[in-house]
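Visitor: Sequence and computational prediction follow.
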Amino acid sequence: MELRALFGQEPESRRFTRSTVRLDPSRSPFIRFRIAAQLEAASLDELAAKAESLDLQGDTFKLQYVEAEGEASYDEQRAIERAVGLHVRGKADMKTPQRLLGLAQAGGRWLLGECRRSEALWLAHSRKPRQYSTALGTRVARAAVNIAVPRPEGVRAVDPCCGIGTVLVEALSMGIDIVGSDLNPLAVRGARENLHHFGFPDVVKIADIRSLDGDYDALILDMPYNLCSRISREEQLDMLRSARRLARRAVVITAEPIDGPLAQAGFEVDDRCVVRKGSFERQVILCRPKL
């Protein structure tokens, strides 16, 4: 679901997708590498011959086999790297190369080009000073932000039930213009502590979603789970109506069926998935106001 939002198309497989969108792989917790394909060929031998044309401008390099299509053992992967690497004009450096080149088979073709590895920045955000048992995990929070805001430039976003700020931390770490609020003063205090811990500005306030004003491009709403305290169906509907009023694109996260209230609130569902943590399930639903 996140890849569909980021690339605007259905991924070709669970292991790779080809796209003209130039995305930093560190944006997504589900992407490990990005190869900017400079050369492609029908066979490995043909690609090895073409590798001689690469101009590295004197830089050292390392060749990295990236698993995409097909299966290859560890020894086979190293053999593939050597077969192509021997034809690259330049000095190989396995420890501190100036350039990382990626090699992969995808869509029946062999590809070679500049490679960028995901830095998995979101992992550090799991070590927040303030935690809450039902808060979103950092991986899911980051994916939800990417679904809501696939193109951050010029986008204003809001998290109107921000809790301890898990979504805010992920959004701000990607340079997204976002603000948050929560009705619970203790949650807002925790969010401020977490934001400060990671060096982000205080973008939260105490407020009820139903009293918020503003015009936002995107909204991420993590609905109450009715585990510690219950909200009525009418309160739930009021929250969704407020979300529709505030933004033109919304990601709603819920632990219970919500299609009826979404329709009543004036939303159309564009995409969805289910996220499981043990026996606890959440739906992540991308929706937009009905026209």
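Guide: That came through fine. Keep in mind it's a predicted model, so treat the numbers as computed, not measured. Numbers count the residues shown, from 1 in each chain.
Visitor: Kindly provide the distance from the nearest residue to Ala83 once chain neighbours are set aside to Val84.
Guide: Leaving aside its sequence neighbours, Ala83 sits nearest to Ala48 (C-beta to C-beta, 6 or more residues apart in numbering; 5.6 Å). For every residue, glycine as well, the C-beta is placed using N, CA and C. Distance of Ala48 to Val84, given as C-beta to C-beta, to the nearest Å: 5 Å.
Visitor: Also Val167?
Guide: In this structure, Val167 and Val84 are 42 Å apart, going by C-beta to C-beta.
Visitor: What of Ala143?
Guide: Going from Ala143 to Val84 by C-beta to C-beta gives 33 Å.
Visitor: quick one, which of these two is more surrounded?
Guide: Neighbour count, other C-beta atoms under 10 Å: between Ala143 and Val84, Ala143 has more, with 27 against 22.
Visitor: Please list all residues in contact with that one.
Guide: 1-2, 28-30, 284 (C-beta atoms under 8 Å, 6 or more residues apart in numbering).
Visitor: Low-confidence stretches in the protein?
Guide: Applying pLDDT under 70 to the chain picks out residues 133, 226-230.
Visitor: That one: helices as residue ranges?
Guide: 2-7, 44-50, 74-85, 138-148, 166-173, 185-197, 233-246, 259-265 (DSSP state H).
Visitor: May I have the residues that are in contact with the most far-flung residue of the chain relative to its centre?
Guide: Ranking residues of the chain by C-alpha distance from their mean position (C-alpha atoms, centre = their mean) puts Ala49 at the top, at 36.5 Å. If a contact means C-beta under 8 Å, 6+ apart, then Ala49 has 41, 87 as its contacts.
Visitor: Near the closest residue to Arg210 other than its chain neighbours, how many other residues are there?
Guide: Excluding its sequence neighbours, the residue lying closest to Arg210 (C-beta to C-beta, 6+ apart) is Ser242, at 4.9 Å. Residues within reach of Ser242, counting by other C-beta under 10 Å, total 19.
Visitor: what's the answer for Gly260, then?
Guide: 10.
Visitor: Verify the contact between Met223 and Pro257 for me.
Guide: No: using C-beta atoms under 8 Å, Met223 makes no contact with Pro257, being 11.4 Å away.
Visitor: Between the two, which has more neighbouring residues?
Guide: Taking other C-beta under 10 Å, Met223 and Pro257 do not tie; Met223 has more neighbours (21 against 9).
Visitor: gap between that one and Ala79?
Guide: Distance from Met223 to Ala79, by C-beta to C-beta: 51 Å.
Visitor: same check, this time on Arg116
Guide: Applying C-beta to C-beta to Arg116 and Ala79 gives a distance of 24 Å.
Visitor: Show me which of those two is the more surrounded one.
Guide: Shown here are Arg116 and Ala79; by other C-beta under 10 Å, Arg116 has more neighbours (17 against 13).
Visitor: tell me the contacts of that one?
Guide: 24-25, 33-34, 36, 100.
Visitor: could you redo the last one with a cut-off of 6 Å?
Guide: Shown in contact with Arg116 (C-beta atoms under 6 Å, 6 or more residues apart in numbering): 25, 34.
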